[in-house]
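Engineer: sequence plus the predicted model coming up.
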Amino acid sequence: MLQNVDQIRADFPILAETVHGKPLVYFDNAATTQKPRQVVEKLTEAYYKYNSNIHRGVHHLSQVATEAHENARKTVQQFIGAAHDHEIVFTRGTTESINLVAATFCEKFCTEGDEILISGMEHHSNIVPWQLMAERKNLKLKVIPFFDNGELDMEAYKVLLSAKTKLVSIAHVANSTGIVNPIKEIIQLAHAQNIPVLVDAAQSVPHFKVNVQELDCDFLVFSGHKMYGPTGIGVLYGKEDLLNALPPYQGGGEMIETVTFEKTTYNALPFKFEAGTPDYVASVALAEAIRYMQHIGLDAIKQHEDELLAYATEQLKTLDGVRIFGESMHKSGVLSFLIHDIHPFDLGTLLDQMGIAIRTGHHCAQPVMDRFGIPGTMRASFAFYNTKAEVDSLIKALKRIVVMFA
Ligand code: PLP
């Protein structure tokens, strides 16, 4: 466990709040994480000291803001090990990044009958954008199934990959179960047939080291707000050649080179994909969040959260009537469960009364719930600022609730 967790917690003012008169226990980190003071201060600093629209001004403030934004891009590049900073496109988040790739990739490379391969454990954000394009272009969406323990069926994956497959788009870590997919093998198998792979890293980048060149993924997407950064900003990483080959997504702002009424030519990467005024304040704060994580250390973060997950799993299993969804050696940060036939909504509401925030429902992964034949689960998800004492509070609260329902 992290030795300085008290010191870390002191950086997150919200963790000292009370809810319904009880100390807050925040276990909804897969939905969004809390923000350290350092990140919030970066937002304030940008607005108070150098707020100015970027890229277009010769004046001092605009140049400072532009430099801060472009330095943030470099920070992201180094964080995920990309070869070039222009392979980093700032978006509003994972969802927008996937929509961008779905719309432009399918427009450019897909024709009727082509297939996009996703998995049965995807977040809706990695299902619906492909369905939209499948409807428009008569494509087929194929789905890799998963086993009862939540792990991906790799044999089925191998069978589904074919000459018709144009792209594989898959979660690195499933948000509903915490299952970590064998992403390197998934990529290698697809590449053996010249099929590019998009990795939805919304639930991996915040929790352990991810290096795009080591993985050799073609696209990788994630959200700032799930990794201690601000809302409204996310990242699309794409290999230079592929991004260059794609048409623009939205028009306007910095994405142009020249505009006439007859014809518009487009800017170079990454600006081609950043139409309109980017969130140049959020990008700077996201870079600060990355520095905060790096200061703790990604390996230390992983170790702390793995220990917490193992402890919480073990403690939860001491309760009667517990079913855990996603039981594997390969998990990260998420504990999804049900107790007897108590409805998750009831459990979540009672936990809230005790100051404990966990998520209940389908977690934007309805097909996962259908696969398990349940309406939803309770999901506790962990961050590096969580403690074993908080897990104890959750278990104690659950025990009380079970007695109430008995
Ligand atoms: N993909 C996964 C695996 C997620 O967990 C989430 C959010 O929970 C998303 C995509 C969507 O992220 P956002 O809402 O930040 O765009």
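Structural biologist: Happy to help now that I have it. Keep in mind that this is a model prediction, so the values were computed, not measured.
Engineer: domain ranges for this structure?
Structural biologist: 5-27+297-405, 40-294 (automatic domain parsing).
Engineer: so which residue of the stretch 251-400 of the chain comes closest to the ligand?
Structural biologist: C364 (6.0 Å; CB to the nearest ligand atom). Any C-beta I mention is one placed from the backbone N, CA and C, and that applies to glycine too.
Engineer: next, the residue nearest to N149 when sequence neighbours are not counted: secondary structure please.
Structural biologist: Excluding its sequence neighbours, the residue lying closest to N149 (CB to CB, 6 or more residues apart in numbering) is E327, at 4.9 Å. What DSSP: H, G, I helix; E, B strand; the rest coil gives for E327 is coil.
Engineer: and the stretch 1-150 of the chain, which residues reach the ligand?
Structural biologist: G93, T94, T95, H123, S125, N126 (CB under 6 Å from any ligand atom).
Engineer: 8 Å - rerun?
Structural biologist: Residues of the stretch 1-150 of the chain lying near the ligand by CB under 8 Å from any ligand atom: 30-32, 92-98, 122-126.
Engineer: just the buried members of the residues you listed?
Structural biologist: Using 16 or more other CB atoms under 10 Å as the burial test, those include 30-31, 92-98, 122-123, 125-126 as buried.
Engineer: just send the domains of the chain back as CSV, with mean pLDDT too.
Structural biologist: Formatted as CSV, the domains of the chain follow (pLDDT from 0 to 100):
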stretch, mean pLDDT
domain 5-27+297-405, 97
domain 40-294, 97
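Engineer: need the three-state assignment for the residue of the chain most remote from its centre.
Structural biologist: Distance from the C-alpha centroid of the chain peaks at E262, with 40.3 Å (CA atoms, centre = their mean). The three-state label given to E262 by three-state DSSP is coil.
Engineer: need the buried ones among the residues of the stretch 1-150 of the chain next to the ligand in JSON lines with distance to Y385, can you?
Structural biologist: JSON lines is the format used below for those (distance: CB to CB, whole Å):
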{"residue": "A30", "distance to Y385": "14"}
{"residue": "A31", "distance to Y385": "15"}
{"residue": "R92", "distance to Y385": "25"}
{"residue": "G93", "distance to Y385": "22"}
{"residue": "T94", "distance to Y385": "22"}
{"residue": "T95", "distance to Y385": "25"}
{"residue": "E96", "distance to Y385": "27"}
{"residue": "S97", "distance to Y385": "26"}
{"residue": "I98", "distance to Y385": "28"}
{"residue": "E122", "distance to Y385": "28"}
{"residue": "H123", "distance to Y385": "24"}
{"residue": "S125", "distance to Y385": "26"}
{"residue": "N126", "distance to Y385": "28"}
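Engineer: before we move on, the earlier item: just the residues of the stretch 1-150 of the chain next to the ligand: which are in strands?
Structural biologist: Applying DSSP state E to these, no entry is found in strands.
Engineer: after whichever strand or helix holds L350, which helix or strand is next? Please name it.
Structural biologist: Taking DSSP states H and E as the criterion, L350 maps to helix 344-353. Remark: after helix 344-353, the chain's next helix or strand is strand 356-357, criterion DSSP H and E.
Engineer: thinking again about what came up before, what residues does the helix holding L350 touch?
Structural biologist: 19-20, 338-339, 357-361, 375-378, 394, 397-398, 401, 404-405 (CB atoms under 8 Å, 6 or more residues apart in numbering).
Engineer: can you rerun that using 7 Å?
Structural biologist: With contact meaning CB atoms under 7 Å, 6 or more residues apart in numbering, helix 344-353 is reached by H20, L338, I339, I358, T360, G361, G376, T377, M378, A397, I401.
Engineer: residue contacts, the third one?
Structural biologist: For I339, the contacting residues are L319, G321, V322, L347, L398, V402, by CB under 7 Å, 6+ apart.
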